[in-house]
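>>> Quick check, what structure comes out for this input:
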Amino acid sequence: MKLYVTPTSPYARLMLIVRREKGLEDRVEVVHTRTRNPDDPLLAVNPSGRIPFLLLPDGSGFEDTEVLVDYFDALSPPRQFAVPTGAEYWPFRRILAMARSFIDGGSVWGREIIRPEIEQSPMIIDHEKRRAERLAAFFESSVVDPPLTEPGPDQPLNMPQLLLFCALDLERRVPEFHWRDSCVQLVTWFDRIRSRPSVQQAFADAESPRQI
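Numbers count the residues shown, from 1 in each chain. The predicted model follows:
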């Protein structure tokens, strides 16, 4: 199987972490792609051009991060990233959705600031900056509670933790995102997850996969 990614995509980085968490590095090859290149080979196997994209041995494949996580989770039991049942279900889904909004808004901000200055929208930049600051403040107060509570060294990550981590990691692309200045608990939480072997290995994968 081949996992097509671009190294700056937060969802691609998330999938690289899932690949390492599930021990699939020998079964899933990582391939860099350039989605805006009309001659990119990815477009021959995925007409939408969306990444991350998983190409299966039979020539079919999956896009959409939620689907890919579910597929990787099924490939290597036990399940790690499923939504819990019972009383935990709705609190888990609530945090999951907010963390996804954090990533999506931050991605818009990141794409906007790399445009030529004359094409940038100050309104969009300001809107996404404010959204990111509000969400960072929200997660600063909720990161100590389930389902975000920092996992121990031998405990697996869950999806809300992964999404929040990848949202905060957007500081690499958006230098103006100064969440560390006012979110002491998030800094500790983020840096400890950043030190996990699976995350370290995944970030190395993001920088040096095979390129097509």
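
>>> ok, so what distance separates the residue nearest to residue 158 when sequence neighbours are not counted from residue 95?
Using Cβ to Cβ, 6 or more residues apart in numbering and skipping the chain neighbours, the partner closest in space to residue 158 is residue 147 (5.7 Å). For every residue, glycine as well, the C-beta is placed using N, CA and C. From residue 147 across to residue 95, the span is 6 Å (Cβ to Cβ, to the nearest Å).

>>> Which one of those two is surrounded by more residues?
A count of neighbours by other Cβ atoms under 10 Å puts residue 95 above the other of residue 147 and residue 95, at 24 against 20.

>>> And that one, how far from residue 87?
Distance from residue 95 to residue 87, by Cβ to Cβ: 14 Å.

>>> about what we covered before: next, show the common contact partners of residue 147 and residue 95.
residue 160 (Cβ atoms under 8 Å, 6 or more residues apart in numbering).

>>> Residue 105: what's it in contact with?
Neighbouring residues of residue 105 by Cβ under 8 Å, 6+ apart: 128, 131, 132, 135.

>>> Confirm it sits in a strand?
No: with DSSP: H, G, I helix; E, B strand; the rest coil as the criterion, residue 105 is located in helix rather than a strand.

>>> quick one: which of the contacts of residue 105 is nearest residue 207?
Distances from residue 207 to the contacts of residue 105, taken as Cβ to Cβ, are shortest for residue 132 (24.4 Å).

>>> what about the closest one, which helix or strand?
Residue 132 belongs to helix 122-142 when elements are defined using DSSP states H and E.

>>> mean confidence for that helix?
Averaging pLDDT along helix 122-142 gives 98.

>>> so what does that helix touch, helix or strand wise?
Under the contact criterion of 3 or more Cβ pairs under 8 Å, 6 or more residues apart in numbering; DSSP states H and E, helix 122-142 touches helix 89-113, helix 159-168, helix 184-194.

>>> and these, which is most packed in?
Most buried of the helices and strands packed on helix 122-142 by mean neighbour count (mean count of other Cβ atoms under 10 Å) is helix 159-168; its value is a mean of 25.

>>> Restricting to C-alpha, output that one in CSV.
The C-alpha coordinates for helix 159-168 follow below in CSV (Å, rounded to 0.1, in the frame of the first residue of the first chain):
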residue,chain,number,x,y,z
MET,A,159,-8.3,10.7,17.9
PRO,A,160,-9.1,13.9,19.9
GLN,A,161,-5.5,13.9,21.2
LEU,A,162,-4.1,13.4,17.7
LEU,A,163,-6.3,16.1,16.1
LEU,A,164,-5.4,18.7,18.8
PHE,A,165,-1.7,17.9,18.6
CYS,A,166,-1.7,18.4,14.8
ALA,A,167,-3.7,21.6,15.2
LEU,A,168,-1.1,23.0,17.6
